[in-house]
Each structure stands twice: as structure tokens, then as C-alpha cells.
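Participant: Mind folding the following:
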Amino acid sequence: MRVYIVLLFPLLLSAATLSSLIENAKATHTSLDAIEKRLSAVSDEYDVTRNFADPELLLSVSDIQLKDPTNRSIEPMQYSAVNLKQKIPYFGKRDAASKKVDAKKATISFSLAQAKVKLTESIKLTAYSIWQVEEQLKITNEYIELTRQNIELYTAYSSSDAKSHMGIMSAELSLSQLKIKHSKLQSLLMGLYKNVSYLSAMDVKSIELSMEVSQPRELSYYMDATDESSAYKVKEAIVKEAEADIKVKELAKNIDPFVQVGYFYRESFEDYMNVNVGFALPIYGTQDSKKEASRKVSLATKSEVLDFKNSLDSKVVEYYARLQDAYRVYNIIEKESLPQIRHMFDLTNTSIKSGSELFIYIELLGKKLKLDEQSIEAVSAFYKANASLDALIGVEK
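Facilitator: Model (predicted):
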């Protein structure tokens with residue numbers, strides 16, 4: 001089994017680890033900060049649900065005589081009053097509203113966890129792509145140098161006939177293609193580093209990675225863990241939020257009484273107080289309609305949870321198949337294909353040094369380059385599939 005250890009770019013001392021990129025992203029990324037602020041806002045909503053409605057203060061002056069508006073002693077009906085009105089919520093309404101806010105807070109909390117999971121996945125996928133491109137650049141550079149050396153060697157040993165000239169031209173064409181590929185890989189690598197810098201919220205110049213292909217876990221490990229996925233918990237929290245809203249709407253049809261206390265001042269007569277008790281009459285069915293709407297929303301969210309669970313399980317199976325495929329391809333290349341072509345490559349290289357045909361060497365060189373690239377792609381695909389599986393079951397690291 002081959003172990004790849006790569007330092008992307010020559011800045012060895014400043015190479016960042018994958019875990020440091022992930023931790024910095026979770027601590028400072030602006031997308032997470034926005035969700036955290038929403039979470040803080042919901043906490044303030046909870047305090048509101050524990051309060052009564054604001055009391056109402058009413059000031060009034062009654063029976064103003066237009067012929068003598070300043071005279072407040074003409075008759076007993078003349079008074080100046082101050083009234084205080086307080087609405088009293090029906091038993092259980094505040095608790096129901098608080099539970100709804102708690103459910104909403106849980107939804108946002110799980111959304112924050114899921115955002116961290118997706119951010120972690122994106123960083124991993126980009127880092128593995130960087131590793132893949134850097135490894136491809138490394139072997140491309142090696143093959144450019146090998147091709148250049150063998151062109152020089154073959155030119156020195158071969159005759160000037162047409163066949164020899166064609167061999168040299170073919171090798172030079174292969175060299176040009178390798179240079180074009182090298183240029184494209186460099187451009188791709190630049191964009192990947194820009195992306196990982198954004199995702200990790202830091203300026204990344206190099207990444208230190210250890211890429212070892214090992215036996216995958218069993219499929220049952222991932223299937224059993226889907227219930228703990230933060231994405232799944234978000235869906236469950238939405239259901240609980242909808243159920244809490246039904247309870248709020250159910251209690252809304254219960255009347256909220258109000259109490260009004262007033263003090264009435266009269267200049268020439270005795271003062272007095274007045275106490276009123278009242279309530280709204282829920283006679284138009286508005287509360288029932290709102291409750292029915294909430295009930296239907298709740299049923300919809302439950303259906304969505306079932307559908308999401310099926311989709312989640314399906315994705316786990318899909319990415320596990322990719323993981324297994326990458327593992328098998330890697331082992332075929334490393335244990336079967338590359339050892340054979342390396343031996344053929346050595347034999348042909350010996351022939352080149354003795355002045356033999358260059359065509360076979362160039363053909364084998366292309367095959368070996370392709371196999372090396374397929375091995376790198378298999379390792380990258382293995383780790384990318386593993387990162388996606390971790391994301392599906394809610395792994396944040």
C-alpha cells in the first residue's frame with residue numbers, strides 16, 4: 001500500500017494542516033456568524049414570550065361644558081380620569097409560545113451545526129482537489145524531464161533516416177502536450193487555493209496532507225449514523241416547531257380577559273374608582289382556520305422528514321459505492337498495473353540507451369503517465385467520497 005505525503009508548494013514551514021483550516025473556518029467564517037446572530041435574536045424572542053402584553057394608560061376629561069369649559073363644578077358627571085388596562089393571557093399561552101420559540105431555536109442550532117458540516121466538507125473536497133492537482137503537476141514535471149532527456153539521448157544515438165526523425169518528432173509532440181497540461185494544471189491550482197482561502201477564512205499558501213488509502217468501513221456504520229445527522233435533525237426540529245405552532249393556535253381560541261381600573265376625580269363631588277373586566281369574542285372562526293392551516297403545515301413537514309430520510313439513505317449508498325470503487329481501482333493500479341508497466345518501462349529505457357526504437361518508449365511513457373494519474377485520481381476520489389459520507393452523517397471535523 002502506498003502512502004502519499006505531500007507538501008503543496010515549497011513553503012514547508014508555513015504549510016497549514018487540514019484540521020487548522022477547518023477550525024479557523026468554524027470560528028471565523030462570515031456565513032456561520034450570520035446564523036449565530038439569528039440564534040442570538042431567537043434567544044431574545046424567548047424573553048418576550050414570558051412577558052404580559054404592555055398595559056394601556058387612558059386619560060380622559062368628561063362633560064366639558066362649551067359655555068364655560070373651565071368650570072368643572074357644574075354637575076356630578078364632570079370628572080377627570082386615569083384608567084389602567086391590562087390584558088391577562090389565558091393559562092398556558094405563554095408556555096406554548098415559549099416552547100415554540102425553543103423549537104425555533106433548536107432548528108437554527110441544528111442549521112448552524114449543518115452549516116459547519118457543509119463548510120468542513122467543502123474545505124476537505126477542495127483540499128483533496130489541491131492535492132490531486134499538485135501530484136499531477138509533480139508527475140507531469142517528471143515526465144517532461146524524462147521525455148526531454150530521452151529525446152536528447154535518442155538524437156545522439158540514432159541515424160538521420162526518416163524513421164528516426166519521425167520518432168524524435170513524435171517525442172517532441174508528446175513533450176508539447178505535457179507542457180500544455182502543466183500550464184492548465186497550474187491555472188487550476190491557483191483557483192483552488194483561492195477557493196480554500198475563502199472557505200477557511202484565511203490566506204492559504206500550502207496545505208500539509210497525509211493521504212493513506214485504507215480498508216473502508218462497513219456500509220452499516222454510515223446507515224446507522226444517519227439518524228444523528230445534523231441535516232436530519234434540522235428536519236426533525238422543523239416538525240417540532242410546526243407542532244408547537246399548532247399548540248399556540250389551539251390555545252388562541254381561548255379568550256384573554258382584560259382588567260381595567262380607573263380613578264375618577266371630581267372637583268365638587270366625591271372621587272370614585274371604576275373596575276371593568278372584558279374579553280374578545282372569538283365568534284368568526286379565525287382561530288380555528290389558523291389552527292387548521294398549522295395542522296396541514298405540520299403534516300407536510302412530517303412527510304418531508306420521511307422523504308429526506310429516504311434521500312439521505314440513498315446518498316449514503318451512492319457515496320459508499322464511490323468509496324468502494326475508488327478503493328478497488330487504487331488497488332488494481334498499485335498491485336497489478338503499475339508493477340508490470342514499470343518493468344516494461346525499465347526494459348524499454350535500456351533499449352533507448354543502446355540506440356533502439358523511441359516509439360515504444362513514448363507509448364509506454366504515456367501509459368505509465370495515465371496509470372499514475374488514475375492512481376492519484378483514485379486516492380483523491382477515495383478521500384472525497386469519505387468526506388461526503390462524513391458530511392451525510394454530520395461529522396464536523
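Participant: that's a strand at Q260, yeah?
Facilitator: Yes. The assignment for Q260 (DSSP: H, G, I helix; E, B strand; the rest coil) places it in a strand.
Participant: give the contact list for it.
Facilitator: For Q260, the contacting residues are N83, L84, K85, Q86, N274, V275, N276, V277, G278, by CB atoms under 8 Å, 6 or more residues apart in numbering. Any C-beta I mention is one placed from the backbone N, CA and C, and that applies to glycine too.
Participant: The same query, at a cut-off of 6 Å, please.
Facilitator: Going by CB atoms under 6 Å, 6 or more residues apart in numbering, Q260 touches N83, K85, N276.
Participant: got any ranges where the stretch 101-250 of the chain has weak pLDDT?
Facilitator: Along the stretch 101-250 of the chain, segments meeting pLDDT under 70 span 153-154, 156-167.
Participant: Please enumerate the helices of it.
Facilitator: Taking DSSP state H, counting those that start in this stretch as the test, the helices found in the stretch 101-250 of the chain are 162-200, 219-225, 230-252.
Participant: Narrow the contacts of Q260 to those that are buried.
Facilitator: N83, K85 (16 or more other CB atoms under 10 Å).
Participant: Mind putting the helices of the stretch 101-250 of the chain into a markdown table with mean neighbour count and distance to L371?
Facilitator: A markdown table is the format used below for the helices of the stretch 101-250 of the chain (neighbours: other CB atoms under 10 Å; distance: least, CB to CB, whole Å):
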| stretch | mean neighbour count | distance to L371 |
| --- | --- | --- |
| helix 162-200 | 16 | 15 |
| helix 219-225 | 14 | 29 |
| helix 230-252 | 20 | 38 |
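Participant: so which of the ones you listed comes closest to S388?
Facilitator: Ranking these by distance to S388, with CB to CB as the measure, places helix 219-225 first at 10.4 Å.
Participant: Just to check, L209 is in contact with W131?
Facilitator: Yes. Counting by CB atoms under 6 Å, L209 does reach W131; the two are 5.2 Å apart.
Participant: hang on, the earlier thing: include distance to A381 when you put the helices of the stretch 101-250 of the chain into a markdown table, please.
Facilitator: Shown next, in a markdown table, are the helices of the stretch 101-250 of the chain (distance: least, CB to CB, whole Å):
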| stretch | distance to A381 |
| --- | --- |
| helix 162-200 | 16 |
| helix 219-225 | 17 |
| helix 230-252 | 23 |
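Participant: what's the closest of these to D102?
Facilitator: So among those, helix 230-252 is nearest, using CB to CB, at 7.7 Å.
Participant: Tell me, how many residues neighbour the closest residue to Y193 other than its chain neighbours?
Facilitator: Once flanking residues are discounted, Y193 sits nearest to V204: 6.0 Å by CB to CB, 6 or more residues apart in numbering. As a burial measure, V204 scores 27 neighbours (other CB atoms under 10 Å).
Participant: does V204 really touch N195, like I thought?
Facilitator: No. Applying CB under 6 Å as the test, V204 and N195 come out as separate, 9.5 Å apart.
Participant: returning to what we had before: residues touching the residue nearest to Y193, list them.
Facilitator: Contacts of V204 by CB under 6 Å, 6+ apart are A16, V196, S197.
Participant: If you count neighbours, what's buried in the host helix or strand of L39?
Facilitator: Per DSSP states H and E, L39 falls inside helix 30-49. For helix 30-49, burial by neighbour count (16+ other CB under 10 Å) applies to L32, I35, L39, V42, Y46, T49.
Participant: re earlier: with respect to Y265, which of the helices of the stretch 101-250 of the chain lies nearest?
Facilitator: Judged by CB to CB, the one of those that comes nearest to Y265 is helix 230-252, at 38.5 Å.
Participant: Closest one of the contacts of V204 to V117?
Facilitator: V196 (17.1 Å).
Participant: how much space between the closest one and L189?
Facilitator: Counting by CB to CB, to the nearest Å, the gap from V196 to L189 is 11 Å.
Participant: Same question for A15.
Facilitator: Counting by CB to CB - A15 and L189 are separated by 15 Å.
Participant: Can you classify R72 by secondary structure?
Facilitator: Once three-state DSSP is applied, R72 turns out coil.
Participant: what about the strands in the protein?
Facilitator: With strands called from DSSP state E, the chain shows them at 3-7, 16-17, 56-61, 80-87, 207-212, 258-265, 272-278.
Participant: Now the first one: average pLDDT?
Facilitator: Same thing as strand 3-7. The average pLDDT within strand 3-7 is 41.
Participant: Restrict stretch 118-136 to CA atoms and write it as PDB.
Facilitator: In PDB, the C-alpha atoms belonging to stretch 118-136 read as follows (Å, rounded to 0.1, in the frame of the first residue of the first chain):
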ATOM      1  CA  LYS A 118     -21.100  21.500   4.900                       C
ATOM      2  CA  LEU A 119     -18.300  24.000   5.300                       C
ATOM      3  CA  THR A 120     -16.000  21.300   6.600                       C
ATOM      4  CA  GLU A 121     -16.900  19.100   3.600                       C
ATOM      5  CA  SER A 122     -16.200  21.900   1.200                       C
ATOM      6  CA  ILE A 123     -12.800  22.500   2.700                       C
ATOM      7  CA  LYS A 124     -11.900  18.800   2.600                       C
ATOM      8  CA  LEU A 125     -13.100  18.400  -1.000                       C
ATOM      9  CA  THR A 126     -11.100  21.500  -2.100                       C
ATOM     10  CA  ALA A 127      -8.000  20.400  -0.200                       C
ATOM     11  CA  TYR A 128      -8.100  16.900  -1.800                       C
ATOM     12  CA  SER A 129      -8.500  18.500  -5.200                       C
ATOM     13  CA  ILE A 130      -5.400  20.700  -4.500                       C
ATOM     14  CA  TRP A 131      -3.500  17.500  -3.500                       C
ATOM     15  CA  GLN A 132      -4.600  15.800  -6.700                       C
ATOM     16  CA  VAL A 133      -3.600  18.700  -9.000                       C
ATOM     17  CA  GLU A 134      -0.300  19.100  -7.100                       C
ATOM     18  CA  GLU A 135       0.500  15.400  -7.500                       C
ATOM     19  CA  GLN A 136      -0.400  15.600 -11.200                       C
END
